[in-house]
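In: Pasting the sequence and the predicted coordinates here, then a few questions.
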Amino acid sequence: MKTDVEELSPTRVKLTIEVPFEELKTSLDKAYREVARQVRVPGFRPGKVPPRIIDQRFGRAAVLEQAVNEAVPELYSKALAERDVVPLSQPDLEITKLDDGRELAFTAEVDVRPSFDLPDVTTLSVTVDNAEVGPDQVEEYINALRERFASLKTVDRPVESGDFVSIDLAATVDGEAVDDAQASGVSYEVGTESMLDGLDEALAGMTAGESKTFTAELAGGERAGEAADVLVTVNSVKVKELPELDDEFAQSASEFDTIGELRASTRKQLTLMRQAGQAGQARERLLEALIEQVDMPLPERIVAAEVEQRQHNLQDQLDRAGLTMQAYLDASETTAAKIDADFEADARRSVKAGFILDKLASQEDLKVSAEQLSAYVTEQAYRLNVAPDRLAKQLSDNGQLPAVAGDVLRGNALTWLAEQATVIDEAGRPVDIRAASEAGPAGDADDGDSDGADADSGVGEEE
């Protein structure tokens with residue numbers, strides 16, 4: 001077999017492959033066997049019809065076509081390996097010559113990776129956020145924790161902003177009750193303005209058992225957009241009470257015995273989270289620096305495929321949400337042309353970043369361990385709310401594991417890049433990326449979760 005490679009562009013090549021006919025013998029024999037099983041010839045058992053009889057009765061052209069279709073993919077793969085061509089897409093194949101008994105020739109045009117040089121990554125430098133956690137951040141976190149353990153207490157006074165009320169609502173239009181605008185026992189936080197326009201104003205100063213009518217535009221249902229008279233009745237008025245910030249709170253909200261221990265653990269956990277954030281910032285900003293510094297041509301078909309995938313994903317999201325594209329454009333205050341331009345820019349950045357990370361991984365001979373691959377699949381399974389074993393089998397059955405391994409390998413390249421470059425924080429101090437990458441709440445299993453495993457996410461009721 002003879003293979004010539006012609007560069008059509010920096011990202012596309014044409015392979016011309018010439019094959020002596022004897023190399024098709026295996027495929028021809030297989031094609032004759034297939035045809036012999038399919039035809040019926042008097043005097044011959046199914047599957048036992050000789051090739052010469054098949055040629056006489058049915059012609060050789062069909063057999064040749066089947067043999068060529070069988071042989072070309074394997075011959076194409078062999079040519080790629082011999083000439084060290086790594087394709088990025090399915091080839092455009094064309095049979096240029098089929099001389100029965102003498103030669104088969106065909107061409108294959110395919111997209112390939114561009115050739116480019118990477119700068120010395122040890123000269124790269126980026127700045128990330130500081131990781132220190134001050135007392136204000138600790139108190140903000142603990143106050144949020146107190147909110148989770150707050151309770152509601154009934155009060156005997158007029159409604160004020162910030163109160164929690166239980167109310168009944170009944171809307172009428174021109175004296176006629178609106179069936180889908182009646183509700184009882186609705187819990188509402190006054191001042192959030194998250195329900196009907198005018199409700200907060202109407203509730204101000206009301207007491208339990210009192211009713212009042214106000215006018216509001218209905219937001220949904222069959223009478224949406226119409227002005228309605230809404231009767232609101234207050235059933236109860238409650239205030240949120242936060243637990244005292246003491247040792248008893250620390251014991252109920254966490255695994256710690258004292259409020260001091262809770263504060264210390266909170267500071268440590270927040271610091272670890274910020275350090276992990278530093279690692280993420282470093283990787284993102286270093287990749288962006290490389291993208292800006294490296295100049296390379298991009299295969300337009302690959303970019304177009306990326307754009308098409310983004311368009312498909314957006315349409316899927318709109319279909320699931322029951323929205324039209326025009327409704328989405330109106331709500332987003334954008335245009336189809338702007339979205340397409342954004343998709344184009346994002347796709348080009350994504351393709352370019354992939355080439356850069358793949359080259360880094362190749363140059364440094366980076367690998368993906370079985371443990372990394374398993375951890376990645378487990379993380380994706382958690383996000384998709386499916387069993388890891390089930391997702392792993394699905395990826396394997398669909399032939400997607402190599403692509404998953406490629407994603408993990410690119411992540412390894414990005415981590416390696418961050419460890420080689422210079423990373424400093426806003427105060428000018430060097431950041432240990434290896435240590436920062438291992439930071440975060442999950443990095444120290446012995447510390448536990450300061451939220452407490454039994455923490456209640458709602459606001460408790462107390463009369």
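Out: Done, it's in.

In: just for the stretch 351-463 of the chain, where's the confidence low?
Out: Counting by pLDDT under 70, the stretch 351-463 of the chain contains low-confidence ranges at 439-463.

In: What segments of it are strands?
Out: With DSSP state E, counting those that start in this stretch as the criterion, the stretch 351-463 of the chain has strands at 422-425, 460-462.

In: What of the chain?
Out: Listed in chain order, the strands of the chain (DSSP state E) span residues 2-9, 12-20, 92-99, 103-111, 125-128, 151-154, 164-173, 176-189, 211-217, 227-241, 422-425, 460-462.

In: Compare those strands and give me the one nearest Arg285.
Out: strand 125-128 (4.2 Å; CB to CB). Every C-beta, even on glycine, is put in place using the N, C-alpha and C of the backbone.

In: Distance from the chain centre to stretch 289-304, please.
Out: When C-alpha coordinates are averaged (CA atoms, centre = their mean, to the nearest Å), stretch 289-304 and its chain have centres 21 Å apart.

In: List the contacts of that stretch.
Out: For stretch 289-304, contacts defined as CB atoms under 8 Å, 6 or more residues apart in numbering pick out 9-12, 88-89, 111-112, 114-119, 121, 124, 126, 344, 347-349, 351-353, 355-356, 417.

In: ditto for stretch 388-398
Out: 374, 377-378, 380-382, 384, 400-401, 404.

In: Any stretches of this protein with poor pLDDT?
Out: 439-463.

In: Okay, domains of it per the record?
Out: The record's domain parsing of the chain by automatic domain parsing lists 2-111, 151-241, 250-462.

In: Looking at those, which is nearest to Glu140?
Out: domain 250-462 (9.5 Å).

In: ok so, going back, among the domains of the chain, which comes closest to Leu145?
Out: Nearest to Leu145 among the domains of the chain is domain 250-462; the distance by CB to CB comes to 5.6 Å.

In: Could you pull out the helices in the stretch 1-150 of the chain for me?
Out: 25-38, 51-58, 61-82, 135-148 (DSSP state H, counting those that start in this stretch).

In: can you pull the buried residues of the shortest one?
Out: Which is helix 51-58. Buried residues in helix 51-58, defined by neighbour count with 16 or more other CB atoms under 10 Å: 51, 54.

In: who wins for proximity to Ile142 among the domains of the chain?
Out: domain 250-462 (6.1 Å).

In: ok, back up a step: give me the buried subset of the contacts of stretch 289-304.
Out: Neighbour-count burial (16+ other CB under 10 Å) is assigned, among the contacts of stretch 289-304, to 11-12, 88, 111-112, 114, 121, 124, 126, 347-348, 351-353, 355-356, 417.

In: can you redo the strands of the chain as a markdown table with distance to Ala81?
Out: Output for those, formatted as a markdown table (distance: least, CB to CB, whole Å):
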| stretch | distance to Ala81 |
| --- | --- |
| strand 2-9 | 10 |
| strand 12-20 | 12 |
| strand 92-99 | 17 |
| strand 103-111 | 13 |
| strand 125-128 | 40 |
| strand 151-154 | 70 |
| strand 164-173 | 70 |
| strand 176-189 | 67 |
| strand 211-217 | 70 |
| strand 227-241 | 69 |
| strand 422-425 | 40 |
| strand 460-462 | 68 |
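
In: among those strands, which is nearest Glu308?
Out: strand 103-111 (14.9 Å).

In: That closest one vs helix 25-38, what angle?
Out: 100 degrees (axes from the mean of the first three to the mean of the last three CA atoms, to 10 degrees).

In: what sits up against strand 103-111?
Out: 8, 11-21, 24, 68, 71-72, 75-76, 79, 85, 87-98, 299, 301-302.

In: same question, stretch 184-199
Out: 159-169, 200, 203-204, 214-217, 219, 230, 232, 235.

In: what's around Asp342, how many residues?
Out: By other CB atoms under 10 Å, 13 other residues sit near Asp342.
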